[in-house]
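> task: produce atomic coordinates for the following.
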Amino acid sequence: MKINDAVKSQLSQNVDRAALEKANAVKTEAANNKQAEKVQVENKAASGNVTLSARATQMQAMAAKVEQSNVYDAEKVDAIKSAIAGGQFKVSSEKVADGLIATVRDLLTTQKP
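Predicted coordinates for the structure are as follows:
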């Protein structure tokens, strides 16, 4: 059976999604904290009597983070593409089965009236 580009694309998108999301969450939190600190310093320097609340500062940092964030890890995608092209990419049947079961569970729970 020959795998077409659509299937390859779907496989590459589903590979280790949980690990990718966790790594992105860690990067996001670090960037968010750094941006929040930067915004606080800028606010103190720019405003004489105006002080933003901690919540407002967090919201500004989150907005900046969303503008800067990548939806995917380009390096990981390139590594997967290279492995597929080189015939070295291994598909874990357990991960595929677990993902399929999780998807079916989600579909069944959302379709209940």
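
> what ranges do the helices span in the chain?
Assigned by DSSP state H, the helices in the chain fall at 5-14, 17-46, 54-68, 74-85, 93-110.

> any idea which of the ones you listed scores lowest on pLDDT?
Among these, helix 5-14 carries the lowest mean pLDDT, a mean of 56.

> gap between F89 and A79?
F89 is 10 Å from A79, where distance means Cβ to Cβ, to the nearest Å. All C-beta spots, glycine's among them, are computed from the backbone N, C-alpha and C.

> now G99
20 Å.

> again, but for Q88
Counting by Cβ to Cβ, the gap from Q88 to A79 is 10 Å.

> of these two, who's got more company?
Set side by side, Q88 and A79 show more neighbours around A79, with 14 against 8, by other Cβ atoms under 10 Å.

> for that one, list the residues it contacts.
Not one residue lies near A79 by Cβ atoms under 8 Å, 6 or more residues apart in numbering.

> can you tell me how far it sits from D73?
For A79, the distance to D73 - Cβ to Cβ - is 9 Å.

> and for R105?
Relative to D73, and taking Cβ to Cβ, R105 is found at 27 Å.

> same check, this time on Q58
Distance from Q58 to D73, by Cβ to Cβ: 25 Å.

> quick check: phi and psi on T51?
Backbone torsions of T51, given as degrees, to the nearest 10, read phi -130, psi 130.

> look at it and report its pLDDT.
Value listed for T51 in the pLDDT field: 80.

> could you shift the numbering so residue one becomes 703, and keep it that way?
In the new numbering, first residue 703, that becomes T753.

> residues near it, how many?
10.

> could you do Q737 as well?
By the measure other Cβ under 10 Å, the count of residues near Q737 is 19.

> with T730 instead?
Neighbourhood size, T730 [other Cβ under 10 Å]: 15.

> doesn't Q770 make contact with it?
No - taking contacts as Cβ atoms under 8 Å, T730 lies outside contact range of Q770: 9.6 Å.

> tally of neighbours for K729?
By other Cβ under 10 Å, neighbour count at K729 equals 14.
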